[in-house]
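Visitor: Please find the sequence and the predicted model below.
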Amino acid sequence: MPPEVMSMIFAISDRLTCAAACRVCHRWSGAAMDELWRSLPSLQPLFKLLGPLVKTDDGQDLHPECVLTERSWDLFRSYAVRVRSLSYVDDYYSNGISRGLIIRALAAHPGGILPNLRSVHWRIYEPGLSHPLAFCPPSLERMSLHLNDDEFLTDSAKRLLYGLSSSLAHHLKYFEFGTDSSSTDDASLSDALTTLLKGQSGLLELELSQYKIQDPVAVCEVCQASPHLRTFSANVLNVTKEMFRVILDALARRGTSLRRVWLTRTGGDLGNETICLADIEPMLQLTAIEDVRLWLDGKLELKAGDVRQMGQAWQGLTSLILCPDRGLGIPLRHLAAFAQWFPALQRFAARFDCPEDIPSVDEVQSRFKNLRRLTWLDAQIMDEQLPEVAEFLAVVLGPEVELRLNEYGLDAEEVLDDMLPWEAGYEDDELGDRIDAFYRVHKAIKRMG
């Protein structure tokens, strides 16, 4: 069996199967072991190869009586080269590896502890740590970095980001950054982050969903430095409509490459503002866009003509979330306009307002062609409106669409979550029964005709 075929088989096998295969023969053992060590949930399995670990004030370290030999490091190295993905929480309580032990490992491996690492997810709690720099080889392509504590001082975070700027220049294809720290308010932290991102000319995906952007200039510079950026996800904090448009203008300049844009605009005094199509007009230049999510701390005003303009600009759009946090939602009758002008749309979630002038069945001229799920956020339907709403939805959606109602809407963080917006909500039995009854009646009439 060719080695590449064997690797493919073990790649789709579970860990127990791979572990059993390691005992079959030397050839199987090598391929199965590669798969078992491809992804590590922590550094402990690797460092336990050197000897028993004990907890110290600085984290997990080798037992004082453990003597390291060249053979010990050779064994360590033979497994370290197999690691392609690492997920690691760096704090005392999660039994992180001590700085002293990591320094000893670096001394024994000047070329890097994990020389073939491709992806790392790092969550850091302790101030002053720079461990990630020890696990950033030139092969690294994906990094997720989260600073998880207010004690993580701004200076420590800046040193870490500037260090990453030097060691990872032009290597990353995916970068995610987040922080729970109050240091988010420090402009110098934003400068350090911008410096890192400006050095990533090959960046394809950038997710800042857990980091509140306060400087639109940073977005502009990052977009200019990443000509092939395909994904941009961010939470923009306390910016005016004019500054928000500056951000959208920067994204628009990447119109030929961007495929996914998820944006939330939050802030204390923004709730009374009304956002209309003119305020987000630069996004219409994203002609290759496939996935758009907008959560706006304010009111959203869309007319039927606005829907037409959006549909003409985003002809390949397959996924859309429109979520204003205040005021009325999109008039429900506009759903027919979305059906007409968004033929490729497969998933759609929005706040809809249910006014009295719901179109009759005869007035509906369009039906969604490819839609598979509609989520109605903050759904509020009066009992007397239920029959008209059910008939309208039955005509516009078609029987293949899964309709879900969400009574409480989504907050900004939920909108930026990968799957949560599509898992939220419920199927309303009464509304669903009325829609099903409409289909059955029309199917019977068609058979009789």
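Guide: Nice, I can see it. Residues are numbered from 1 along each chain as shown.

Visitor: May I see the buried residues of whichever helix or strand L403 is part of?
Guide: Assessed by DSSP states H and E, L403 sits inside strand 402-406. Across strand 402-406, burial judged by 16 or more other Cβ atoms under 10 Å covers L403, R404, L405, N406. The way it works is simple: take the backbone N, C-alpha and C, and place the C-beta from them, glycine included.

Visitor: Pick the one among these closest to S7.
Guide: Within the buried residues of strand 402-406, the smallest distance to S7 is 40.6 Å, found for R404 (Cβ to Cβ).

Visitor: quick one: the residue nearest to that closest one when sequence neighbours are not counted from E402, how far?
Guide: In space, and not counting its chain neighbours, R404 is closest to G425: 3.6 Å by Cβ to Cβ, 6 or more residues apart in numbering. Distance, G425 to E402, by Cβ to Cβ, to the nearest Å: 10 Å.

Visitor: What of R333?
Guide: On the measure of Cβ to Cβ, R333 and E402 end up 21 Å apart.

Visitor: Low-confidence stretches in this structure?
Guide: Residue ranges of the chain with pLDDT under 70: 90-95, 126-132, 148-154, 181-186, 213-215, 255, 268-271, 356, 445-446, 448-449.

Visitor: remind me, longest helix of it?
Guide: Secondary structure assigned by DSSP state H gives helix 429-448 as the longest helix of the chain.

Visitor: Count the neighbours of P45 for me.
Guide: 13 (other Cβ atoms under 10 Å).

Visitor: Just the strands from the stretch 101-250 of the chain, written as ranges.
Guide: 119-124, 142-147, 174-179, 205-213, 231-237 (DSSP state E, counting those that start in this stretch).

Visitor: Secondary structure element holding I381?
Guide: For I381, there is no enclosing helix or strand under DSSP H and E.

Visitor: swap that for A339, please
Guide: Using DSSP H and E, A339 falls in helix 335-341.

Visitor: Please enumerate the helices of the stretch 201-350 of the chain.
Guide: All helices of the stretch 201-350 of the chain, identified by DSSP state H, counting those that start in this stretch, fall at 216-225, 241-252, 304-313, 335-341.

Visitor: most tightly surrounded among those helices?
Guide: helix 335-341 (a mean of 22; mean count of other Cβ atoms under 10 Å).

Visitor: Can I get the strands of the stretch 101-250 of the chain in TSV including mean neighbour count?
Guide: Shown next, in TSV, are those (neighbours: other Cβ atoms under 10 Å):
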stretch	mean neighbour count
strand 119-124	20
strand 142-147	21
strand 174-179	20
strand 205-213	21
strand 231-237	22
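
Visitor: okay if I get those strands as CSV plus distance to I113?
Guide: As requested, the strands of the stretch 101-250 of the chain are arranged in CSV below (distance: least, Cβ to Cβ, whole Å):
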stretch, distance to I113
strand 119-124, 12
strand 142-147, 16
strand 174-179, 21
strand 205-213, 25
strand 231-237, 29
